[in-house]
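Peer 1: I would like the atomic coordinates for the input below:
(2 chains)
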Amino acid sequence: NAGVMQNPRHLVRRRGQEARLRCSPMKGHSHVYWYRQLPEEGLKFMVYLQKENIIDESGMPKERFSAEFPKEGPSILRIQQVVRGDSAAYFCASSPRGLSSYEQYFGPGTRLTVT
Amino acid sequence: RKEVEQDPGPFNVPEGATVAFNCTYSNSASQSFFWYRQDCRKEPKLLMSVYSSGNEDGRFTAQLNRASQYISLLIRDSKLSDSATYLCVVNSLGGTASKLTFGTGTRLQVTL
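Peer 2: Sure, this is the predicted structure:
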């Protein structure tokens, strides 16, 4: 059973470009979460999605960031017009249910570097 | 005040030692509690869930004190491979909301 998959593992973008990060949840999991980890800091929640629905986006910056989880295909985290401060590790996690008691399993992350 | 607070360490202990990490959380409505482990530049991996009655998994014991809003992790007979950052994680919203709040982690270095 494959775990949570993320690609690319490393992404380099120049300021002003767009970054698209992809996440495929574990088989049987329909709940996806995105977290960001800045250098030397803890993980911060960004957004929680189910198929075709955004459930909680309270951690998403108001501008330039968007996320989707279409009926078919992976979840996408999109960052438009990237700035140096967007450089971070972006982790995706999945769980079989959205209830608070269910554990979340993390993918290997995408390390975004903005030059 | 941070929602989840941990001593950042590092804790440097010799192999075979017993080490304990503590964590406090601020939201009394928190429902679920976990310890995750994160190796350098890797993803967090679930170590164990934490229950009010306390739970043990091999050399690892986790305890929860809801009255004091306090969580602990005890590692006995430390191994070199236990060296990592240990993350205290709280799910602060019950019901169908499932957002995890992470502490910044406690770094453990086990030495020969």
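Peer 1: tell me where chain B has strands.
Peer 2: Here chain B has its strands, by DSSP state E, at B:4-6, B:11-14, B:19-25, B:32-38, B:44-50, B:55-57, B:60-65, B:70-75, B:84-91, B:100-102, B:106-111.
Peer 1: quick one: buried residues of the last one?
Peer 2: Right, the one you point to is strand B:106-111. For strand B:106-111, a neighbour-count test (16 or more other CB atoms under 10 Å in any protein chain shown) marks B:106-108, B:110 as buried. To be clear about C-beta, it is placed using only N, CA and C from the backbone, and glycine gets the same treatment.
Peer 1: which pair in those spans the largest distance?
Peer 2: Put simply, by CB to CB the two of the buried residues of strand B:106-111 set farthest apart are B:T106 and B:V110, 13.1 Å from each other.
Peer 1: shared neighbours, the two?
Peer 2: Here B:T106 and B:V110 share no contacting residue, scored by CB atoms under 8 Å, 6 or more residues apart in numbering or on different chains.
Peer 1: ok now do A:T115, which residues does it touch?
Peer 2: A:12-15.
Peer 1: which among the residues you listed count as buried?
Peer 2: Buried by 16+ other CB under 10 Å: A:R13, out of these.
Peer 1: reformat the contacts of A:T115 as JSON lines; add secondary structure and distance to B:P10.
Peer 2: Formatted as JSON lines, these follow (DSSP: H, G, I helix; E, B strand; the rest coil; distance: CB to CB, whole Å):
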{"residue": "A:V12", "secondary structure": "strand", "distance to B:P10": "31"}
{"residue": "A:R13", "secondary structure": "strand", "distance to B:P10": "33"}
{"residue": "A:R14", "secondary structure": "coil", "distance to B:P10": "36"}
{"residue": "A:R15", "secondary structure": "coil", "distance to B:P10": "35"}
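Peer 1: quick one: which of the contacts of A:T115 is nearest to B:Y86?
Peer 2: Out of those, the member with the shortest distance to B:Y86 (by CB to CB) is A:V12, at 30.8 Å.
Peer 1: what helix or strand does the nearest residue to the closest one once chain neighbours are set aside sit in?
Peer 2: Nearest residue to A:V12, sequence neighbours excluded (CB to CB, 6 or more residues apart in numbering or on different chains): A:T113, at 4.9 Å. A:T113 is part of strand A:110-114, with elements assigned from DSSP states H and E.
Peer 1: so what strands line up beside that strand?
Peer 2: Strand A:110-114 has its sheet partners listed here by DSSP bridges as strand A:10-13 (parallel), strand A:88-95 (antiparallel).
Peer 1: which of these is buried the deepest?
Peer 2: Of all the strands paired with strand A:110-114, strand A:88-95 has the most neighbours on average by mean count of other CB atoms under 10 Å in any protein chain shown, namely a mean of 24.
Peer 1: and the strands in chain A?
Peer 2: Under the criterion DSSP E, chain A contains strands at A:5-7, A:10-13, A:19-24, A:31-37, A:43-50, A:53-56, A:65-68, A:75-79, A:88-95, A:105-106, A:110-114.
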